[in-house]
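**Q** turn this into a model:
(2 chains)
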Number of protein chains: 2
Amino acid sequence: MNRDDPSAAGAAAAAKARSDREAIEDFALRDDYALNPTFVRQVMDAADRGDSARVRELVGALRPADVADLMGFVPPAYRAELIADLPRELLVEVLPELDDTIRDEVLDAVSPARIAEAVSDLDSDDAAAVLEDMEDDQRAAVLAAMSAPDRAAMETALAYPEDTAGRLMQREVMAAPQFWTVGQTIDHIRADRDELPEQFFDVYVVDPSYKPIGEVGLSRLLRAPRDTPLAELIRPVTEIDVDQDQEEVAYVFEKYNLISAPVVDDGGRLIGQITVDDIVDVLQEENQEDILALAGVGDVGRDAGVFDIVRSRFPWLVVNLFTALLASLVIGAFQDEIGRLVALAVLMPVVASIGGNAGTQALTVAVRSLATRELSAANSVRIVAREIAVGLINGVAFAVVIGLVAALWFRSAELGGVIAAAVTINLTAAALAGVLVPLTLHRMGRDPAVSSPVFVTATTDIVGFLSFLGLASLLLL
Amino acid sequence: MNRDDPSAAGAAAAAKARSDREAIEDFALRDDYALNPTFVRQVMDAADRGDSARVRELVGALRPADVADLMGFVPPAYRAELIADLPRELLVEVLPELDDTIRDEVLDAVSPARIAEAVSDLDSDDAAAVLEDMEDDQRAAVLAAMSAPDRAAMETALAYPEDTAGRLMQREVMAAPQFWTVGQTIDHIRADRDELPEQFFDVYVVDPSYKPIGEVGLSRLLRAPRDTPLAELIRPVTEIDVDQDQEEVAYVFEKYNLISAPVVDDGGRLIGQITVDDIVDVLQEENQEDILALAGVGDVGRDAGVFDIVRSRFPWLVVNLFTALLASLVIGAFQDEIGRLVALAVLMPVVASIGGNAGTQALTVAVRSLATRELSAANSVRIVAREIAVGLINGVAFAVVIGLVAALWFRSAELGGVIAAAVTINLTAAALAGVLVPLTLHRMGRDPAVSSPVFVTATTDIVGFLSFLGLASLLLL
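**A** Predicted coordinates:
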């Protein structure tokens, strides 16, 4: 170290610290931005040795989202120690990124006062997200440790129902009357640092009763000369009602390519804003829900235990067991026929299986089209007709192939004819059920992703076995 | 009309036009932002009457995304007429919103010169998106109608491979050297209107070789006094390589909550930017692909014809037919046993079906966890062990229930025992296949959503029939 020039030495040390940090981050993340297993191992080894300084160095080199990720990859025993070692600024930013189940767990290791302090630094939407999943008594302790105004703000935010715009929004918002000029607006932003959101993208122009009448994007604001009135720059704005469902909000953001939108109360007055970064999370969450629902799995979070997972899969398997037993009852009604012609038992799963697959295809497309509003009352007749046509065409094509295979395998043209007829019937039934079941559930206000699969596969199983065995008993035996 | 005060009359007329427009828009969109079928009908009726003025009035009241939506809801015959009636400013904004297949079709009705003019007004990413899906000769005609610099820019953009950052990015970008002050930066933005993106959110700070060294968000820029050097406001920036896959880019945006990010070439120099509104579309596209792939359906767009749809579903059904016939071969090997004990035929679909469902659950969770990087080399052993435990627990639970049902139904404790053993074996196989198949495909660099389902259901079908019929022939007959 150069004692003659402490500032140069300081700068050199800072530069070295920065490049060390970057080297650690480069090592920690693989090319696909997943954490490097060796890095995870190093953190755990340092924790095992009780080397807090090294843990802080390794973890401190990560960005908040990567620290949150790391928490998911280390076994639970390490998490409390890692969270305790986080510097406050990093803790603040890591908290909103953590998976809900993990956050619940690690927060037990942090004092309510420290959580309160961290949460007070967050924008109100992130703060509410951290608090909403806590145990009631822990949340009460954290709220008690906050300042009165912060506490009141949090209590208001948490009063909005989950999954609504009210929960997604942040109260901090940049609003301006339309008679302001660009210069006045910029001066206001420079002066009023604390009341504004940490980051914002649009200035909402409001009338005297604080109702939004339009917006001016920051890049538009910056381009205009200082003396331009906001009224000249204003663009129409898409308002979000505070009680709107988050899925609707996400749809609106996606459809109109919004970056931020003002949230209004029942009286139409501006009370907050929602930004697109929160919407990206909602979109992923809703997609995740749909994908898992279609497979009959509940979402239990990345760190769920074996019994939570069993519980998330059990209900669907139970429902499936009932429909499978129903199908067995159908088969049971034809025991004599099967005893006389065992080929029926050999071939019947083919009819049910191909029907089930075609039904799953149709229902998945229908569920997606409903979610993206591509299927609606305006075109449902056309879409249903199209599905039936697809079912018939696939039905005839596969009927020919399967009929030939069956006829050659069991040297019976009649058996081939029967299975061909059953396949055509079942693929048409699959197409119909695949689109009508989701449509009906949607009209009834139910989530079509959740219950469609069971109805559709029950239909194709039962129609498949019944048409094949029934036709066989009528025509062959 | 008040002839004494033309400006007041003009303002009143403008206000009336605005409120008419808003009334039409309110009517056109239902609460869930889907188009009102009655509105769609009205547009078609006006077109049928040849009432272009009314068509323009109705369609002109919509926002670009809703016009694009309308195109999807009217039958193809109406589209050319609707697009021809669009005013140029609206056409420009509607083009990037249109579904690919529909865009292809409607563009045939628009002259290359008019398309070229519209495309020249777009940011380069939207322009490339419009051009990339055109027929080659039509694209050539449009490019020929563009100005030389616009054409060159388009040709560069289209030279990047599809689904990479190069295609997503726009060349227009706001860059500044770090020695600039806030005031200089704002003055530059005010002066340099044409070279900048239409909308931007971050100023990228570059070194003399044009490599990004950080970014300053516009709200951060606006908060600082004019004499603050950018160097004081700079934040670390996440660079995107121009050849990065769009799925990776979307993951990075989501993980780090980015609003925009600089795109760099092989030499690390800034060549463009990607903004989050494009990423929202990519995320939806990738999710859509995963959902459809898991159901074995290709994405053919909202306006596909019956034969396109048949083609998008055929391959999967063919594969399924093969695995179903493979399962039939297994059953065929036990024809004698089934002939002697028909109860086997009645019960065997239960074993296969519950295994198939459990396998689908496990594989869906695994595919999602791989997509979100929650499942990786760092924790795969733990996740596989967890799945096996889940499979065993579910296996034993359902074995008991199904075993009892079978024993009571067919009054045979032995048959109950055999089916219980088969269910346990098949649910464990389902759990193993459900996680190992996607993991293996992922390591091989394949998309696990596409091919996992066929391997997993083939496994559960074959293991299900083989274990049940095999154990029965060993122990019962």
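**Q** look up the closest residue to the residue of the stretch 151-300 of chain A found nearest chain B, ignoring the ones flanking it.
**A** Among all residues of the stretch 151-300 of chain A, residue A:295 sits closest to chain B, at 3.6 Å; criterion: CB to the nearest CB. Bear in mind the C-beta positions are built from the backbone N, C-alpha and C, glycine included. Sequence neighbours aside, residue B:364 is the residue nearest to residue A:295 in space, at 3.6 Å (criterion: CB to CB, 6 or more residues apart in numbering or on different chains).
**Q** from what I can see the residue of the stretch 151-300 of chain A closest to chain B touches residue B:359, true?
**A** No - using CB atoms under 8 Å, residue A:295 is not in contact with residue B:359; the gap is 9.9 Å.
**Q** so if I had to pick from those two, which one is more boxed in?
**A** Under the neighbour definition other CB atoms under 10 Å in any protein chain shown, residue A:295 and residue B:359 were set side by side, and residue B:359 has more, 33 against 24.
**Q** that one: which element?
**A** Residue B:359 belongs to helix B:343-371 when assigned by DSSP states H and E.
**Q** same question for that helix, mean pLDDT?
**A** Mean per-residue pLDDT for helix B:343-371: 94.
**Q** helix or strand for the spatially most central residue of chain A, which one?
**A** The structure's chain A has its C-alpha centroid closest to residue A:285; by CA atoms, centre = their mean the separation is 0.9 Å. When secondary structure is defined using DSSP H and E, the element that contains residue A:285 is helix A:276-294.
**Q** and the helix or strand just after that helix, what's buried?
**A** With elements assigned by DSSP H and E, the helix or strand that comes after helix A:276-294 is helix A:306-332. Residues of helix A:306-332 classed as buried: A:309-310, A:312-314, A:316-317, A:319-321, A:323-325, A:327-328, A:330-332 (neighbour count, 16 or more other CB atoms under 10 Å in any protein chain shown).
**Q** near chain B, from these?
**A** For chain B, the contacts drawn from the buried residues of helix A:306-332 by CB under 8 Å from any CB of the partner chain are A:309-310, A:313-314, A:316-317, A:320-321, A:323-325, A:327-328, A:331-332.
**Q** what sits against residue A:181?
**A** By CB atoms under 8 Å, 6 or more residues apart in numbering or on different chains, the contact list for residue A:181 reads A:226-230.
**Q** filter those down to the buried ones, PyMOL style.
**A** Buried members of those, identified by 16+ other CB under 10 Å, are gathered into one PyMOL selection as follows:
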select buried, chain A and resi 228+230
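**Q** which ones among the contacts of residue A:181 lie within strands?
**A** With strands defined by DSSP state E, no entry of the contacts of residue A:181 lies inside them.
**Q** keep only those of the contacts of residue A:181 that are in helices.
**A** Counted as lying in helices by DSSP state H, out of those, are residue A:230.
**Q** for the residue nearest to the centre of chain A, give its distance to residue A:96.
**A** Taking CB to CB, to the nearest Å as the measure, residue A:285 falls 14 Å from residue A:96.
**Q** likewise residue A:139?
**A** With distances taken as CB to CB, residue A:139 is found 15 Å from residue A:96.
**Q** these two - which one has more neighbours?
**A** Neighbour comparison, residue A:139 and residue A:96: the larger count goes to residue A:96, with 22 against 19 (by other CB under 10 Å).
**Q** where do the helices sit along the stretch 1-150 of chain A?
**A** If DSSP state H, counting those that start in this stretch is used as the criterion, the helices of the stretch 1-150 of chain A fall at A:6-28, A:37-48, A:52-60, A:64-73, A:76-85, A:88-94, A:100-107, A:112-120, A:124-132, A:136-144, A:148-159.
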